[in-house]
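In: Coordinates for the following, if possible.
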Amino acid sequence: MSKLIEKCTNLKEASHTLETVSTNAKNTALKLVIDSLRKNLSYILSENKKDLEIAKERGIKDSFIDRLILDENRVEDIIDGINTVINFDDPIWASNHVWTLENGLTVSKMNVPLGVIGIIYESRPNVTVDAFALSLKSGNCILLRGSSSAINSNKALVKVIKEGLVESEISENVIELIEDTDRSIINQMIKLNKYIDVIIPRGGSDLIRTVVDNATVPTIETGIGNCHIFVDESGKLEDAINIIKNAKVQRPGVCNACETILVHEAIAEKFLPILEEHLSDKVELRGCLETKRLIHVEETVKDWGEEYLDYILAIKIVTDIDEAIEHIRKYGSKHSESIITEDFTNGNYFLRRVDAATVYINASTRFTDGGVFGFGGEMGISTQKIHARGPIGLNELVTDKYTIVGNGQIRE
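Out: Numbers count the residues shown, from 1 in each chain. The predicted structure is shown next:
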């Protein structure tokens, strides 16, 4: 038996028990995992340091290294996320839809776990803990396949999580990590329908496309983040500058960072020099030919659909809101889009017409995050339209079971 099949067998067996575990038992287990994370903080950070040193030796750019970093504050943020999950109502065996038929049968639509979730993700060791906590509270087991860049961090975190679970009444087999970093293991994992109930790919476009195109296990597709901010002619320019700086510069290597600015032509001549003044020392500006006429840009944009994940910002001047929406429709990734406007009609029009998981008025795209939305973390940002869309939290990790109670009825 291969190690992969052995881990999957353990998960499948554990899932049959976990689906009926009490809320108190799950919350107690999560609290014990928090204790274990705090007790083993030095060990976790030392293993993370190995990944960071390897990344620097390989010449990985800073925006990607930022996604790898664990420090005391980030571990506390992870723990805050677990505490949020603990405080949530248990979604399992809950129902808000119960009715009685004319023949006396009582029908209930109940929430039940998905079963075994497989998540494939890149960098970001915090996902290891977020995915575990959300899965456990929703009654699911989790199979983790992180990237080679975070392998030491992920191994340490899973070891520490299991140490916490040993002290609980929940089996440590509810979480497993694939330690084999060979990419061929992904092709095996995504075809294990016998063991895995759903696959969630979280990472770059190549990873997501590989999984979506080749998986036989049902997949919840998360998306890359080619996010836009449209500065309307009525937008407050000071607000626009602050929002764009936050959306681009704070953490450029994450999927909710802004990649393209669309500017209404009526304010372009006034606004773009101000934008250049605030960003040119931090960000490489690229633009359309009209933008290049107004400010200095490094080069014209060759691919408006590119997700830079770096200190690079594309700028395009548009004639009106409809051209902005059409550009987003053509090149956007259906992740997060924002409009800066003081025109209520335009704001509402943008909200309704833009097809994306999250759409903002006068706010940064950086808010698209399960933790920020109060979900206690996320499994990813779903950009598809079936089952889940937006941050995948507890309520997106369940499926339905109809229970029918009778007293001897037969169908005639």
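In: alpha carbons only for contacts and neighbour counts from here, please
Out: Will do.
In: Give me the number of neighbouring residues for residue 59.
Out: 10 (other CA atoms under 10 Å).
In: Look up phi and psi at it.
Out: Note on residue 59: backbone dihedrals following degrees, to the nearest 10 are phi 80, psi 30.
In: buried set for the helix or strand where residue 159 lies?
Out: Using DSSP states H and E, residue 159 sits in helix 151-166. Within helix 151-166, the residues that count as buried by 16 or more other CA atoms under 10 Å are 151-165.
In: And stretch 296-303, by the same measure?
Out: For stretch 296-303, by 16+ other CA under 10 Å, it's 296-297, 300-301.
In: and it, how far apart are its ends?
Out: Length of stretch 296-303, first residue to last, CA to CA, to the nearest Å: 19 Å.
In: average pLDDT across that stretch?
Out: Stretch 296-303 carries an average pLDDT of 93.
In: for stretch 177-191, same thing?
Out: 94.
In: switch to numbering from 558
Out: With 558 as the first residue, the last one maps to stretch 734-748.
In: chain center to that stretch, what's the gap?
Out: Its chain's C-alpha centre and that of stretch 734-748 lie 20 Å apart, by CA atoms, centre = their mean, to the nearest Å.
In: count of residues packed around the nearest residue to residue 864 once chain neighbours are set aside?
Out: In space, and not counting its chain neighbours, residue 864 is closest to residue 783: 5.1 Å by CA to CA, 6 or more residues apart in numbering. Applying other CA under 10 Å, we find 25 residues neighbouring residue 783.
In: Kindly report the same for the one 10 residues further on.
Out: Residues within reach of residue 793, counting by other CA under 10 Å, total 14.
In: Distance check, it against residue 898.
Out: Counting by CA to CA, the gap from residue 793 to residue 898 is 7 Å.
In: And residue 579, by the same measure?
Out: 48 Å.
In: Likewise for residue 568?
Out: 50 Å.
In: Neighbour count: the two, which is higher?
Out: residue 568 (27 against 21).
In: And the pLDDT at the more buried one?
Out: So residue 568 comes in at 98 (pLDDT).
In: part of a strand, is it?
Out: No: Residue 568 is assigned helix when assessed by DSSP: H, G, I helix; E, B strand; the rest coil, not a strand.
In: and residue 622, what helix or strand is that in?
Out: Going by DSSP H and E, residue 622 is in helix 619-625.
In: which residues of the stretch 858-969 of the chain fall in strands?
Out: 869-875, 893-897, 915-918, 938-939, 947-948, 955-962 (DSSP state E, counting those that start in this stretch).
In: What of the stretch 708-857 of the chain?
Out: With DSSP E, counting those that start in this stretch as the criterion, the stretch 708-857 of the chain has strands spanning 732-734, 755-759, 784-788, 815-821, 841-844, 856-857.
In: other SSEs contacting the last one?
Out: The contact analysis (3 or more CA pairs under 8 Å, 6 or more residues apart in numbering; DSSP states H and E) places strand 856-857 against strand 841-844.
In: and if we set it to 10 Å?
Out: Judged by 3 or more CA pairs under 10 Å, 6 or more residues apart in numbering; DSSP states H and E, strand 856-857 is in contact with strand 841-844, helix 846-851, strand 869-875.
In: Of those, which is nearest residue 625?
Out: Residue 625 lies closest to strand 869-875 among the helices and strands packed on strand 856-857, at 20.1 Å (CA to CA).
In: what number of residues lie near the spatially closest residue to residue 825 that is not a sequence neighbour?
Out: Spatial nearest neighbour of residue 825, excluding adjacent residues (CA to CA, 6+ apart): residue 874 at 6.9 Å. Residue 874 has 24 neighbours, counted by other CA under 10 Å.
In: separation between residue 874 and residue 788?
Out: 10 Å.
In: if we can go back for a sec, export the helix holding residue 716 to CSV, keeping only CA atoms.
Out: C-alpha atoms of helix 708-723 as CSV (Å, rounded to 0.1, in the frame of the first residue of the first chain):
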residue,chain,number,x,y,z
ILE,A,708,7.4,21.8,3.3
ASN,A,709,9.3,22.2,6.6
SER,A,710,6.8,24.6,7.9
ASN,A,711,3.8,22.4,7.0
LYS,A,712,5.4,19.3,8.4
ALA,A,713,6.0,21.1,11.7
LEU,A,714,2.5,22.5,11.9
VAL,A,715,0.8,19.1,11.2
LYS,A,716,3.1,17.5,13.8
VAL,A,717,2.0,20.1,16.3
ILE,A,718,-1.6,19.8,15.4
LYS,A,719,-1.5,16.0,15.8
GLU,A,720,0.2,16.5,19.2
GLY,A,721,-2.8,18.6,20.3
LEU,A,722,-5.3,16.1,19.0
VAL,A,723,-3.7,13.2,20.9
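In: Contact partners for the closest residue in space to residue 758 that isn't next to it in sequence?
Out: Distances taken as CA to CA, 6+ apart put residue 677 closest to residue 758, at 4.8 Å, once the chain neighbours are dropped. Going by CA atoms under 10 Å, 6 or more residues apart in numbering, residue 677 touches 700-704, 735, 743, 746-747, 756-760, 764-765, 768.
In: Secondary structure element for residue 677, which one?
Out: Per DSSP H and E: strand 673-678 holds residue 677.
In: Could you tell me the angle between that strand and strand 755-759?
Out: 10 degrees (axes from the mean of the first three to the mean of the last three CA atoms, to 10 degrees).
In: Run me through the strand neighbours of strand 673-678, direction for each.
Out: Next to strand 673-678 in the sheet, as set by DSSP bridges, lie strand 698-702 (parallel), strand 755-759 (parallel).
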